[in-house]
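Enquirer: below is the sequence, then the predicted model.
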Amino acid sequence: MELIHNLSDFLSTTGFNLMTWPNMMMILIGIVFISLAIIKDYEPLLLLPIGFGIVVGNIPSLSSMAVGVYDDGSVLSLIYFGVSKGIFPPLIFLGIGAMTDFSTMLSNPKLVLLGAAAQFGIFATLIGAHMLGFTAQQAGAIGIIGGADGPTAIFLSSKLAPELLGPIAIAAYSYMALVPVIQPPIMRLLTTKKERLIHMKAPRVVSKAEKIIFPIIGFLICAVIAPGSMALIGMLFFGNLLKESCVTERLANTARNSMIDIVTILLGLSVGASTQAVRVVDGVNVGFLTPQSIKIFALGAASFCVATACGVLFAKFMNLFLKDKINPLIGAAGVSAVPDSARVVHTVGQEEDPSNFLLMHAMAPNVAGVIGSAIAAGVLWSVLL
């Protein structure tokens, strides 16, 4: 009899007994993310850790066990500390800086304007989110999804709207992964075949001195304009200086390989684990499966489409005044999904003309978009805090 009683007690503590339909739905979503990463090769370095994290975060357990992301002292909560306090995003930016070549942007500075134009999606989404009932701080955090920059979205939401960090992070990374699906139809819709066939001149050779001076001057200008972007921009340019100085190759190599890989694993897993289907705080469900999350995903999709369209349309506008025309496709790379947007631009261009190589040109607005989204985040943080 005692054995049966003990068995009954054990079964009552298992996930089978505590499992709810919302938990099962989130686990299914996690499996979909994992499948997209493995089968479709959609941003596997991001979607696979996030997808597995979603599964981990939605296995129910007794509250007294304290094993979840939101349980003080648990292993997952300690890892999630790097997300909730905005530690991981600057480290990601350090690695991005160490692997980024700003040469194309420096050789053709006017392409920076395309990266700036794509940031319009951020502010358009901010207005839309505010109209849907989100607070100004929440709207600002949601708007940054339009920059297609996961680390920046996490950083800003951790400062302005930590209660929405999970949905915002998942939305940002989801749309980053779906760049090859979302952008091409918009690019084809807004351009003619003649425009897509435009060949651009080869970029000029940028000197070593320019490459070394740029991250220093670039940081000073950006930090003065938006001090709130200092952590992200500072790490980005510091990583780039490690690379371009040619005297700290070991540090640059560590930043762009080992460190960024470790941080990506921890960030993806903990962000995924934060998406608990139901989480009640002060009698209010602040879990992932809420109407707010649906609105965030809808706004994120809209902002990404607007950002892509603005980049393409601004390139067409610039062509009205330029003697050497820009292929408008590269405007779509103004979002900061590096280097996926640039690759998509190159692929769409080669569908029209296999001899048209747009990758290097597209990298200019692409890296400009990274800088632009970080500055936008700094501005929003300063204004809305």
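Expert: Received the coordinates, thanks. What you are looking at is a predicted structure, and each value in this text was computed from that prediction instead of being measured. Numbers count the residues shown, from 1 in each chain.
Enquirer: at which residues are the strands of the stretch 51-200 of the chain located?
Expert: Here the stretch 51-200 of the chain has no strands by DSSP state E, counting those that start in this stretch.
Enquirer: can you pull out the helices in it?
Expert: Under the criterion DSSP state H, counting those that start in this stretch, the stretch 51-200 of the chain contains helices at 75-84, 88-99, 103-107, 112-118, 120-131, 136-143, 150-160, 165-177, 179-190, 193-196.
Enquirer: buried stuff in the fourth one?
Expert: Of the residues in helix 112-118, those buried under the neighbour-count criterion (16 or more other CB atoms under 10 Å) are 112, 113, 114, 115, 116, 117, 118. Yep, even glycine has a C-beta here, placed from its N, CA and C like the rest.
Enquirer: ok, which of the helices of the stretch 51-200 of the chain comes nearest residue 267?
Expert: helix 88-99 (4.4 Å; CB to CB).
Enquirer: on that earlier part again, mind putting the helices of the stretch 51-200 of the chain into a markdown table with mean pLDDT and distance to residue 246?
Expert: Shown next, in a markdown table, are the helices of the stretch 51-200 of the chain (pLDDT from 0 to 100; distance: least, CB to CB, whole Å):
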| stretch | mean pLDDT | distance to residue 246 |
| --- | --- | --- |
| helix 75-84 | 92 | 31 |
| helix 88-99 | 95 | 12 |
| helix 103-107 | 92 | 14 |
| helix 112-118 | 90 | 25 |
| helix 120-131 | 87 | 35 |
| helix 136-143 | 91 | 38 |
| helix 150-160 | 90 | 26 |
| helix 165-177 | 86 | 31 |
| helix 179-190 | 92 | 32 |
| helix 193-196 | 94 | 38 |
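Enquirer: let me have the ones you listed in CSV, extended by distance to residue 320.
Expert: Converted to CSV, these look like this (distance: least, CB to CB, whole Å):
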stretch, distance to residue 320
helix 75-84, 44
helix 88-99, 33
helix 103-107, 22
helix 112-118, 13
helix 120-131, 18
helix 136-143, 29
helix 150-160, 31
helix 165-177, 30
helix 179-190, 15
helix 193-196, 12
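Enquirer: low-confidence ranges in the stretch 251-385 of the chain?
Expert: Confidence mapping of the stretch 251-385 of the chain against pLDDT under 70 gives the ranges 280-286.
Enquirer: how many other residues sit next to residue 254?
Expert: Burial of residue 254 is recorded as 16 neighbouring residues (other CB atoms under 10 Å).
Enquirer: kindly report the same for residue 248.
Expert: 15.
Enquirer: excluding covalently adjacent residues, which one is nearest to it?
Expert: residue 242 (4.7 Å; CB to CB, 6 or more residues apart in numbering).
Enquirer: hang on, the earlier thing: closest to residue 236 out of the helices of the stretch 51-200 of the chain?
Expert: Comparing the helices of the stretch 51-200 of the chain under CB to CB, the one sitting nearest is helix 88-99, at 4.1 Å.
Enquirer: need the residues that contact that closest one.
Expert: Residues from elsewhere that reach helix 88-99 (CB atoms under 8 Å, 6 or more residues apart in numbering): 82, 151-152, 154-155, 215, 231-243, 252-253, 255-257, 259-260, 263-264, 266-267, 338, 370, 374.
Enquirer: could I get the phi/psi values of residue 324?
Expert: Reported as degrees, to the nearest 10, the phi and psi values for residue 324 are phi -90, psi 110.
Enquirer: oh, that last question was meant for residue 41, not what I typed.
Expert: phi 60, psi 30.
Enquirer: shift numbering so it begins at 48
Expert: Got it, the first residue is 48 from now on, which makes the last one we talked about residue 88.
Enquirer: sorry, back to before: kindly indicate which of the buried residues of helix 159-165 lies nearest residue 115.
Expert: residue 165 (36.9 Å).
Enquirer: which residues are in contact with the residue nearest to the spatial centre of the chain?
Expert: With the centre of the chain defined as its mean C-alpha position, the nearest residue by CA atoms, centre = their mean is residue 197, 1.9 Å away. Residues near residue 197 by CB under 8 Å, 6+ apart: 93, 216, 219, 220, 223.
Enquirer: select from these the one having the most neighbours.
Expert: Highest neighbour count within the contacts of residue 197: residue 219, with 30 neighbours (other CB under 10 Å).
Enquirer: quick check: the gap between the closest residue to that one other than its chain neighbours and residue 404.
Expert: Distances taken as CB to CB, 6+ apart put residue 200 closest to residue 219, at 3.8 Å, once the chain neighbours are dropped. Taking CB to CB, to the nearest Å as the measure, residue 200 falls 31 Å from residue 404.
Enquirer: who's more crowded, the two?
Expert: Shown here are residue 200 and residue 404; by other CB under 10 Å, residue 200 has more neighbours (30 against 15).
Enquirer: doesn't residue 194 make contact with that one?
Expert: Yes - at 7.4 Å, residue 200 counts as touching residue 194 under the criterion of CB atoms under 8 Å.
Enquirer: how many neighbours does the nearest residue to residue 131 once chain neighbours are set aside have?
Expert: Once flanking residues are discounted, residue 131 sits nearest to residue 205: 5.7 Å by CB to CB, 6+ apart. Other residues within reach of residue 205, judged by other CB under 10 Å, total 21.
Enquirer: understood, closing this out.
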